[in-house]
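Colleague: give me a 3D structure for the following:
(4 chains)
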2 protein chains.
Amino acid sequence: MTENDKKLYEAKAKVLKALAHPTRLWMTEQLSKGEKCVCEFAEVIQADFSTVSKHLSILKQAGVVEDEKRGKQVYYSLKVPCLLKFMDCIESVIKMQAQAHAALLQ
Amino acid sequence: MTENDKKLYEAKAKVLKALAHPTRLWMTEQLSKGEKCVCEFAEVIQADFSTVSKHLSILKQAGVVEDEKRGKQVYYSLKVPCLLKFMDCIESVIKMQAQAHAALLQ
DNA sequence: AGTATTGTTGGTTATATTGTCATATGTTCA
DNA sequence: TGAACATATGACAATATAACCAACAATACT
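Modeller: Okay, here's the model as predicted:
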């Protein structure tokens, strides 16, 4: 494994890490339906503005979303739609696990 | 957001978290080429056996890989091939970022 | 100018993750 | 049986993350 390979895996892991949080995952899925401002997120989930802002900033730094300031508000939008297909795959993992678990109980 | 939804996002995040580590990401990709035992991984990366074993156990607990003991060795294999398509998407994120970064330097 | 609104950033504390060492478990083979 | 090998597990220290609060910045409105 070259030094370059290592950096590539670190970069990929960083993107995954950005997604690997319930709130950020939810946000990402929400953004797939269209752009949203920070205030809209803050309204729905029970969290501080600063918490929401930081989560979005992590997604932005990972290259998953982008932001645009319009007036007082900052609108975030999904930059990488292909991520959503991935989510289907993740869900399939969970379903498999649920089935395996159910089988154990029988 | 219902209680059930919440749990679903937590479950999905757990799977992503399992993948969100350079070593585990690499392992997952390696396993896509075929099963491997712990010793094979330990040989390639510079890490303790226990470290390798723990990483694999995290992937297993997340439902990403499965293990089978044959003789003295434990063989791990990828349980969810669809994950690899996701990796392409992750790479596209990185490429976009690299391009954006390059653009800044011009 | 002054104030309310919308976000961001820094500090702090609580919690989670990672890697390493030592130890325990299970398997094979002499 | 017991020695050697392959792996798992528990304890621990170092580091990273997350959430909250307070302070700050930018925009809009009066």
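Colleague: now do the SS call for A:Glu68.
Modeller: What DSSP: H, G, I helix; E, B strand; the rest coil gives for A:Glu68 is strand.
Colleague: just the C-alphas of the lengthiest helix in chain A, formatted as CSV.
Modeller: Longest among the helix segments of chain A by residue count, using DSSP state H, is helix A:83-105. Extracted in CSV, the C-alpha atoms of helix A:83-105 (Å, rounded to 0.1, in the frame of the first residue of the first chain):
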residue,chain,number,x,y,z
LEU,A,83,-25.2,8.8,-2.4
LEU,A,84,-28.9,8.0,-2.2
LYS,A,85,-28.5,4.7,-4.0
PHE,A,86,-26.0,3.8,-1.4
MET,A,87,-28.6,4.3,1.2
ASP,A,88,-30.7,1.6,-0.3
CYS,A,89,-27.8,-0.7,0.0
ILE,A,90,-27.3,0.3,3.7
GLU,A,91,-31.0,-0.4,4.3
SER,A,92,-30.6,-3.9,2.7
VAL,A,93,-27.9,-4.5,5.3
ILE,A,94,-30.3,-3.7,8.1
LYS,A,95,-33.0,-5.8,6.6
MET,A,96,-30.7,-8.8,6.4
GLN,A,97,-29.7,-8.3,10.0
ALA,A,98,-33.3,-8.0,11.1
GLN,A,99,-34.1,-11.2,9.3
ALA,A,100,-31.2,-13.0,10.9
HIS,A,101,-32.2,-11.8,14.2
ALA,A,102,-35.8,-12.9,13.7
ALA,A,103,-34.5,-16.3,12.6
LEU,A,104,-32.6,-16.7,15.9
LEU,A,105,-35.8,-16.1,17.9
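Colleague: how about stretch A:53-67: buried residues?
Modeller: By neighbour count with 16 or more other CB atoms under 10 Å in any protein chain shown, stretch A:53-67 contains the buried residues A:55-56, A:58-59, A:62-67. From N, CA and C alone the C-beta is placed, and that goes for glycine too.
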